[in-house]
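[1] Structure, please.
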Amino acid sequence: MSAASLASNRYVPPALGLGSFVVVIALVELLIRVGLINRFIVPLPSEIVAAFPRVIVEEDVLQRFLLTAGEAFSASILVTVFGVAGGVLLYRYHLLRLATETWVAAVAAAPLVLMYPLYLVIFGRSALTIVMMGFSAGLAPIILKTLEGLMGTRRVLINVGRSFNLTS
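    Numbering: from 1, shown residues only. Have a look, this model is predicted:
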């Protein structure tokens, strides 16, 4: 079998990746047991795998996962509502777009994670802080992409919509 035919088989690349991962983990386990890697710095991979059920039960991972999913969903809804509305607003009012589009792009490029301490002061240490961080991080890109999509609409399609008495 040639290398090209092996690569085109849909099961070979994932099997090779998984096999490589297992070999590396087994090698790390062996190096720790032999003493080449300090056991106090790197725990045995077998002990890590054995601790998963205990951690999942004792740390209430399911509830934490559902809380995180709820925060992400809330931030997504807020970003969708306000981001699309902001993009449409900038599309409809040309002067507003000229005045603010570069500022929105600058906010999209800024490292908003640095605002986390400020958000802790404003919202406290709660789920609302995480939701607002997600909202802040996603708002500018959604506004810009909505604006880009609306500006990229061909004029003929807008004219077809108007011929059917649709609002612009």
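[2] Can you give me the domain boundaries for the chain?
    3-58, 61-163 (automatic domain parsing).
[3] How far away from the center of its chain is the shortest one?
    What it means is domain 3-58. Remark: domain 3-58 is offset 26 Å from the chain centroid, using C-alpha atoms, centre = their mean, to the nearest Å.
[4] Quick one: residues contacting residue 21.
    Counting by C-beta atoms under 8 Å, 6 or more residues apart in numbering, residue 21 makes contact with nothing. In this view, the C-beta of every residue, glycine as well, is placed from N, C-alpha and C.
[5] try the one 10 residues further on
    With contacts defined as C-beta under 8 Å, 6+ apart, the neighbours of residue 31 are residue 37.
[6] Can you say which of the domains of the chain is packed in most?
    Mean neighbour count, computed with mean count of other C-beta atoms under 10 Å, is highest for domain 61-163 among the domains of the chain, reaching a mean of 14.
[7] one step back: now render the domains of the chain as JSON lines, adding mean pLDDT.
    Output for the domains of the chain, formatted as JSON lines (pLDDT from 0 to 100):
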{"stretch": "domain 3-58", "mean pLDDT": "89"}
{"stretch": "domain 61-163", "mean pLDDT": "94"}
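[8] Distance of residue 79 relative to residue 132?
    11 Å (C-beta to C-beta, to the nearest Å).
[9] ditto for residue 162
    39 Å.
[10] same thing with residue 91?
    For residue 91, the distance to residue 132 (C-beta to C-beta) stands at 26 Å.
[11] again with residue 113
    Distance, residue 113 to residue 132, using C-beta to C-beta: 12 Å.
[12] Could I get the contacting residues of the residue nearest to residue 74 when sequence neighbours are not counted?
    Residue nearest to residue 74 in three dimensions, not counting chain neighbours: residue 131, with 4.8 Å by C-beta to C-beta, 6 or more residues apart in numbering. Going by C-beta under 8 Å, 6+ apart, residue 131 touches 71, 74, 75, 78.
[13] And the residues you listed, which two are furthest apart?
    71 and 78 (10.8 Å; C-beta to C-beta).
[14] Contacts for stretch 63-76 next, please.
    By C-beta under 8 Å, 6+ apart, stretch 63-76 touches 127, 130, 131, 132, 133, 134, 135, 138.
[15] for these, which one is nearest residue 167?
    Closest to residue 167, out of all of these and judged by C-beta to C-beta, is residue 138, at 27.4 Å.
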